[in-house]
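Undergrad: Fold the following for me, if possible:
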Amino acid sequence: MQLILKILKFEFSNVLRSKWVIFFFLFFFLTSYTLFSFENNTPKALLSLFNVTVYLVPLICLIFGTMYFYNSREYIEMILCQPIPRNALFIGLFLGTSLPLILSLLTGILLPFLLFGNLAVGLNLTLLLILISSLLTLLSIAISFLISTKIADKVKGLSISIFFWLVTAIVFDGVLLLIAFLFQEYPVEKILLILTLLNPIDLSRTLFMLNFDISALLGLSGALFKKFYGGQSGLIISFLSLLVWVFIPFIIGLKSFKKKDF
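TA: So this is what the prediction gives:
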């Protein structure tokens, strides 16, 4: 545990000084500041902010996590020359990379909300937005570390990370709509619901949108969750599914890291 904390402390301070983290903070601070200061309706401002966050957080974290892991190969090789368990090194690297991004995201969103937002109306939604964004950050770093561990070539690994984002953020919804259109005469709702669980971005959107009563905002995946599980059950299932999305890539990446020959 002490080794993990030492590696975490070093990585945290190193990543916190990164230009990526500074950009991460400034972008979400300025976006949140603009939305909250010019929009009197706090839930509407949060909805607009979420539409930005749900797509950009995974993209930025996937690219940053992949590049950071590849750029840290010499450091990893040096540390592995010491009698340090690989588990401790991987966990320290993972947390040391994820936590500064989560901290910058939290402050970038929360500070403008406290200055201009309606605390009585939007506090719960703001905390939910930060929670979802934090989970997206963790799962994106876990996936980027898994890809970087499995793929030795930096360009190929970065390409796979971007391709993963393209599929989950853009292509996936089109595939769902195509399936729904082609098999509209058949009961494919349960199949579509299962497919939705395979997309963390759709799960994040569902988790947030189920807190709104406007059915048009739910989208296909959110409407299916509300139809089959209802509001509260849909929230719990989508949240647990996001946790699984964090846990599985992390465990697979950890096992691959332990076996990898650097």
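
Undergrad: separation between the most centrally placed residue in the chain and S161?
TA: The centroid of the chain falls nearest to L136 when counting by CA atoms, centre = their mean (1.3 Å). Applying CB to CB, to the nearest Å, the value for L136 to S161 is 14 Å. Every C-beta, even on glycine, is put in place using the N, C-alpha and C of the backbone.

Undergrad: before we move on, what about L210?
TA: L210 sits 29 Å away from S161, taking CB to CB as the criterion.

Undergrad: Give me the more crowded residue out of those two.
TA: S161 (26 against 21; other CB atoms under 10 Å).

Undergrad: List the buried residues of the helix or strand containing the more buried one.
TA: S161 belongs to helix 154-166 when assigned by DSSP states H and E. Along helix 154-166, these residues count as buried under the neighbour rule (16 or more other CB atoms under 10 Å): 157-158, 160-161, 164-165.

Undergrad: same deal with stretch 233-244?
TA: For stretch 233-244, the neighbour count (16+ other CB under 10 Å) marks 234-235, 237-239, 241-242 as buried.

Undergrad: ok, now stretch 8-21?
TA: Neighbour counts over stretch 8-21 (16+ other CB under 10 Å) mark 8, 11-12, 15-16, 18, 20-21 as buried.

Undergrad: from the residues you listed, which two are the most distant?
TA: Farthest pair in the buried residues of stretch 8-21 (CB to CB) is L8 and W20. Separation: 18.2 Å.

Undergrad: Could you report the neighbour count for L198?
TA: Neighbour tally, L198, other CB under 10 Å: 12.

Undergrad: Helix, strand, or coil at it?
TA: coil (DSSP: H, G, I helix; E, B strand; the rest coil).

Undergrad: what about stretch 79-95, average pLDDT?
TA: Per-residue pLDDT values over stretch 79-95 give a mean of 88.

Undergrad: now do the same end-to-end measure for that stretch.
TA: Its start and end residues considered, stretch 79-95 measures 17 Å (CA to CA, to the nearest Å).

Undergrad: Buried residues, that stretch. List them.
TA: Within stretch 79-95, the residues scored as buried using 16+ other CB under 10 Å are 79, 86, 88-95.

Undergrad: Now do that stretch: distance to the chain's middle.
TA: How far stretch 79-95 lies from its chain's middle: 23 Å, per CA atoms, centre = their mean, to the nearest Å.

Undergrad: same deal with stretch 160-177?
TA: Taking CA atoms, centre = their mean, one finds the center of stretch 160-177 at 14 Å from the center of the full chain.

Undergrad: From the rest of the structure, what touches that stretch?
TA: 55, 58-59, 62-63, 65-66, 143-144, 147, 151, 192, 195-196, 199-202, 219-221 (CB atoms under 8 Å, 6 or more residues apart in numbering).
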